[in-house]
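Any chance you could fold what I've pasted below:
(4 chains)
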4 protein chains.
Amino acid sequence: MSLQWQGVFPALTTKFTLDDQLDLLMFEKNLRAQLEAGVDGIVLGGSLGEASVLTTEEKEILVKFAIEKCNGIPVILNIAEGSTKQALKQIEYAKDWGVQGLMLLPPMRYKSDHRETVTYFKTLAGSTDLSIMLYNNPVDYKIEITLDMFDELQECKNILAVKESTRDVINVTRMINRFGKRFKILCGVDPLAMEELCLGADGWVAGLVCAFPKETVAIYRLVKAGKLEEATKIYRWFMPLLELDIHPKLVQYIKLAEERAGLGTEIVRPPRLILAGEERKAILNIIDEGISSKPSLPDYLNL
Amino acid sequence: MSLQWQGVFPALTTKFTLDDQLDLLMFEKNLRAQLEAGVDGIVLGGSLGEASVLTTEEKEILVKFAIEKCNGIPVILNIAEGSTKQALKQIEYAKDWGVQGLMLLPPMRYKSDHRETVTYFKTLAGSTDLSIMLYNNPVDYKIEITLDMFDELQECKNILAVKESTRDVINVTRMINRFGKRFKILCGVDPLAMEELCLGADGWVAGLVCAFPKETVAIYRLVKAGKLEEATKIYRWFMPLLELDIHPKLVQYIKLAEERAGLGTEIVRPPRLILAGEERKAILNIIDEGISSKPSLPDYLNL
Amino acid sequence: MSLQWQGVFPALTTKFTLDDQLDLLMFEKNLRAQLEAGVDGIVLGGSLGEASVLTTEEKEILVKFAIEKCNGIPVILNIAEGSTKQALKQIEYAKDWGVQGLMLLPPMRYKSDHRETVTYFKTLAGSTDLSIMLYNNPVDYKIEITLDMFDELQECKNILAVKESTRDVINVTRMINRFGKRFKILCGVDPLAMEELCLGADGWVAGLVCAFPKETVAIYRLVKAGKLEEATKIYRWFMPLLELDIHPKLVQYIKLAEERAGLGTEIVRPPRLILAGEERKAILNIIDEGISSKPSLPDYLNL
Amino acid sequence: MSLQWQGVFPALTTKFTLDDQLDLLMFEKNLRAQLEAGVDGIVLGGSLGEASVLTTEEKEILVKFAIEKCNGIPVILNIAEGSTKQALKQIEYAKDWGVQGLMLLPPMRYKSDHRETVTYFKTLAGSTDLSIMLYNNPVDYKIEITLDMFDELQECKNILAVKESTRDVINVTRMINRFGKRFKILCGVDPLAMEELCLGADGWVAGLVCAFPKETVAIYRLVKAGKLEEATKIYRWFMPLLELDIHPKLVQYIKLAEERAGLGTEIVRPPRLILAGEERKAILNIIDEGISSKPSLPDYLNL
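I've put the predicted structure just below:
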């Protein structure tokens, strides 16, 4: 299956054991659930994957393991580095490990300007023949990839998609008005996904899919099949859960949801801590209420 | 025609003559275009109506004139006052003048807290039997009418709708999840209208409608008829114009659009000034490009 | 005493009786305390004066009453209007009533741009020979009076001072570097006053002075006399109280402080409500702790 | 000389050669200028030091080289890591290399909450006997170290100071009011330094000092000697330069200033690029104007 940047791409969490090792058993269990639900690719090493606490060795293990299990469903690696040199090295590794695509964030820990951001992306894209999706998230990472930057980046033939996380839904229409079909647009903010899919987004880099794979894929497929009413019903049910995706503690929240759904554990790496007290109770409440009121899904895989 | 808080409600601009009087001739011309296009009500004295520079006498003239011309299409007056006492007086006037509904902003020039905001709205709503739409615009007016406030305001039987201008499209789903059909939801942000209508909003308090009445009503009717593809085509064309609605100078921009569309003049009241220089050129460009590339509309009035 | 825009200028609260009339007795009591403490002028009709709920008639009464009691200490009226026409009218009234100076806010309820803001101020300043202080408060009123605006406004000979409330203390040095002594700078943010006075500000348009006139004037005089250590001791004690000045409910907080200090009452006008519950308790705590630990003051009037 | 967290601590830039190696010659030249000017310690690997593009090996070289040249003037290393494990490792290295103190940022790339931030700092502080200054910069790094966090962190006996970069000068007084002398306060925002020193800050972690060491130390010493007028004169001259410290491109700006002052070069590491075009011209202008109008300094080392 070739990489189309279309459909549902779960940004998977990284599963850890109690003694802080990779938990590949649980990782595999979750992965299988994603594949069965009908996802179109998976993203590793994203914010949800706790990229900033993984070693290069661990990324290698995760990537190779995932590729082996994915049966051709594309595996994407996120590149989020502070120095251009480090980013180039990570891209080389990723290629060696066999990924089919890359997600690229702007430089970490430095608010690069227009020229620097474009140069950074051109340097990275020029170093590889892998297919690339830029990750546009000025809310969490400060740097907005503006339309004028995309304009300059059109010359990079392997930059083919954007994970649209500006939280400004108008941006979908702006991108289409300016670039037509040049860049595939994948919504990167769970609680805005249906709005953006209705207006022409091509896919969804999803978060709560980690715990609710079928419901996520169902919404995508229903909207694309023009069945808005059915999609809306699921989306409304889903909303309190989807909103967990736009909180600084999305990793902990989604891992807790995975545990309740039987698809993961709560374990995180410091500086993150497992939820506690009132906060854990409040989030559990939202999760359990969601699970106990799950809507029945239509046969979305055969629309 | 009774007031349903559903459909398209233009927030009309106030037309002035060169010697700073109300220009009722031009006002009527625009009004007729709105009615012919199929709007469901009109809003006077909103931000777009330059409320803050109108005298009470002028509001009376505008309201009475509009009611006379509207043939039963509901006329709504916006109430935006700094003191509760003044607001109560304006509501009394509005009732006397014959309006069919009110739009209420939170107090002006003071960031009232939860208790004060709820008390303000309850006091106002309790003083009248007119049907009320609250105007929820924390971006421009600082005070957000939160879901918890709406919860308390449910007891006011005549508070029936909200002009949703939080710019957070998720709020449509949140409101529906919490209150079902208790409050009608009208999108108050032009470039988010289609997204919100797709997700269940009941109407659209519109701005660019002042210059483009048919295109605005067409989008609304097409979405409600499930014709997303046709609506999207118009909406994408419309977007650069619709974005003029979310700028501090929306009044000047929209008045310029009205002039180019033959439905108004550029004249504003100080402190606002008529656009000049590069800015006027840039906005004219957007407007003229929009006018020259207008899409043909389907027979949207008979869907 | 002529108006020097130098020293301490209390922005007085407006006292109301229980039946919502002006409470001139209490107003006078407070005024006397200010004069005895050594203030250099008073400001009426500011944000603290609940300007947005006062009628023109009430402003007239307050102004004339204050002038009569002030024995030549300058009385300043704040002008905060939405339309240029209304502002011009208020300035004319103010002149008739006998004020010695004006404080001017940018237009209310409209975020005027550079050209509009400058035009507004020039129009107003050109209409009168009264001495003027601009009120630069982009935090609460959105419009920043930038250095480039001040540059253009230099031609207005009666614009002589600025109430610096940008909350950016660097602005004091920027103004002095660019305009030398052209504009007097009065700090308008209580908890930044000493920092700005140390760096060259000429005065302090103060808030907590309403309840603590002597302590406020003492800090000003001590800093100007180079007695930083003594000033710092009072300022540190004062800080938890001074911070009440930068909260949306500063009016209620300061009125509560006035009451505890025997210089006012808690009564406010709707939409403002008297504090209640936990919030009132917390603020009372701060106030009472301040009152019970008042530092003894040096003979600051004879430095 | 033992580490007192008092006085001027330059946050040094890292000098690179044209072929992207450490430029130790230039580094030494700058270091000597700092020592001669009378600084009280130096900070390596801060934001200004381009920490995010340095390897561990390079940090080791820099630290050891600096210690050798510093003759006992304390050398501080900044620790800014994404994972607790990495941070612990870096601290161990720093100790081995011989630093006399640490500057600690909250976790990178994750907005940890109260509990996680405190746990992170306690874990780090508990792992070492090195003296620690926390770096409180919510503007650039999102996480504010609140007063309540400092309260819990009092139990860590080696957390002795804070680099105060909240840009809220009131925080100096708040910290002193709550903790007395428990934490030394060093201003971390160049254009707020004099304000905070006047109000009781103990030192200044400085940026423009890299290019203007004498002027920086002079201001510090003059303020501490009560010579406000002399200090103000220098500070006002210095302000346009000091403001370069609060821009995302502070590294490039300050390196350009160093070059013009004969104390460094413009060379940076990607993703940073050397300034170009209009921006470079504008910054050069500020720098050259500053250099050509340098005030003469009093004998500040012998006050």
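
Can you check what pLDDT the model gives A:N158?
Looking at A:N158, its pLDDT is 98.

If you drop the residues flanking it in sequence, what lies closest to it?
Leaving aside its sequence neighbours, A:N158 sits nearest to A:I132 (CB to CB, 6 or more residues apart in numbering or on different chains; 5.2 Å). Yep, even glycine has a C-beta here, placed from its N, CA and C like the rest.

OK, contacts around the one you found?
Residues near A:I132 by CB atoms under 8 Å, 6 or more residues apart in numbering or on different chains: A:101-104, A:124-125, A:156, A:158-161.

Could you tell me which of those residues belong to strands?
The strands, defined by DSSP state E, take in A:101-104, A:159-161 from the contacts of A:I132.

of these, closest to C:N136?
Each of those was scored against C:N136 by CB to CB, and A:L104 proved nearest at 42.8 Å.

CA atoms of the lowest-mean-pLDDT helix or strand in chain A as CSV?
The helix or strand of chain A with the poorest confidence is helix A:138-141; it has a mean of 95 (mean pLDDT, DSSP states H and E). Taking C-alpha atoms only, helix A:138-141 is exported to CSV below (Å, rounded to 0.1, in the frame of the first residue of the first chain):
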residue,chain,number,x,y,z
PRO,A,138,1.8,27.1,16.4
VAL,A,139,-0.3,26.7,19.5
ASP,A,140,2.0,24.1,21.1
TYR,A,141,5.2,24.8,19.2
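
Show me what it is in contact with.
A:47, A:105-106, A:108, A:135, A:144-145, A:165-167.

beta partners for A:A11?
With beta bridges defined as DSSP bridges, A:A11 has these partners: A:V43.

burial of it, as a residue count?
Using other CB atoms under 10 Å in any protein chain shown, A:A11 has 26 other residues around it.

these two touch, right, it and A:A51?
No: applying CB atoms under 8 Å, one finds A:A11 not in contact with A:A51, separated by 10.1 Å.

Mind listing the shared neighbours of those two?
Residues touching both A:A11 and A:A51 (CB under 8 Å, 6+ apart): A:N78.

gap between the closest residue to chain C within the stretch 151-300 of chain A and A:L284?
Nearest residue of the stretch 151-300 of chain A to chain C, counting by CB to the nearest CB: A:E278, 18.1 Å away. Distance from A:E278 to A:L284, counting by CB to CB, to the nearest Å: 11 Å.

The two: which is more packed in?
Between A:E278 and A:L284, A:L284 has the larger neighbour count (other CB under 10 Å), namely 16 against 8.

helix, strand or coil for the more buried one?
At A:L284 the chain is in helix, as set by DSSP: H, G, I helix; E, B strand; the rest coil.

For chain A, what lies in contact range of chain B?
Contact residues, chain A versus chain B (CB under 8 Å from any CB of the partner chain): A:169-170, A:173-174, A:176-177, A:191-192, A:194-196, A:198-200, A:226, A:228, A:232, A:235-236, A:239-240, A:243.

Tabulate the ones in strands among the contacts of A:I132 (CSV), appending distance to B:R182 and neighbour count.
Shown next, in CSV, are these (distance: CB to CB, whole Å; neighbours: other CB atoms under 10 Å in any protein chain shown):
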residue, distance to B:R182, neighbour count
A:G101, 46, 21
A:L102, 47, 26
A:M103, 42, 26
A:L104, 45, 22
A:I159, 47, 22
A:L160, 45, 17
A:A161, 41, 26
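
closest to chain D among these?
Nearest member of the ones in strands among the contacts of A:I132 to chain D, counting by CB to the nearest CB, is A:L104, at 12.0 Å.

Buried by neighbour count: which residues of stretch A:233-250 qualify?
Neighbour counts over stretch A:233-250 (16 or more other CB atoms under 10 Å in any protein chain shown) mark A:233-246, A:249-250 as buried.

try stretch A:82-90
Using 16+ other CB under 10 Å as the burial criterion, the residues of stretch A:82-90 that qualify are A:82-88, A:90.

now, the most widely separated pair of those residues?
Maximum pairwise distance among the buried residues of stretch A:82-90 (CB to CB): 12.5 Å, between A:G82 and A:L88.

Could you list the low-pLDDT ranges of chain A?
A:1 (pLDDT under 70).

Show me which residues of it sit near chain C.
Within chain A, no position lies close to chain C (CB under 8 Å from any CB).

residue ranges for the helices of chain A, please.
Assigned by DSSP state H, chain A shows helices spanning A:24-37, A:56-70, A:84-97, A:114-126, A:138-141, A:147-153, A:170-179, A:193-198, A:213-224, A:228-242, A:250-260, A:277-292.

What about A:D288, how many residues nearby?
The number of residues packed near A:D288 is 12, by other CB under 10 Å.

now the one 10 residues further on
Taking other CB under 10 Å as the neighbour definition, A:P298 ends up with a count of 17.

State whether A:I274 and A:Q252 are indeed in contact, as I suppose.
Yes: A:I274 is in contact with A:Q252 according to CB under 8 Å; the separation is 6.8 Å.

Between those two, which is the more surrounded one?
The neighbour comparison of A:I274 against A:Q252 (other CB under 10 Å) goes to A:Q252, with 24 against 12.

If you drop the residues flanking it in sequence, what lies closest to the more buried one?
In space, A:Q252 is closest to A:L275, 5.1 Å off (CB to CB, 6+ apart).

Next, find the distance separating the one you found from A:I246.
For A:L275 relative to A:I246 (CB to CB), the value is 17 Å.

cool, A:T123 as well?
Per CB to CB, A:T123 is found 31 Å from A:I246.

Likewise for A:G45?
Counting by CB to CB - A:G45 and A:I246 are separated by 20 Å.

Show the contacting residues for the residue in the stretch 1-150 of chain A that chain B sits nearest to.
At 12.1 Å from chain B, A:L147 is the closest residue in the stretch 1-150 of chain A, using CB to the nearest CB. A:L147 makes contact with A:174-175, A:178, according to CB under 8 Å, 6+ apart.
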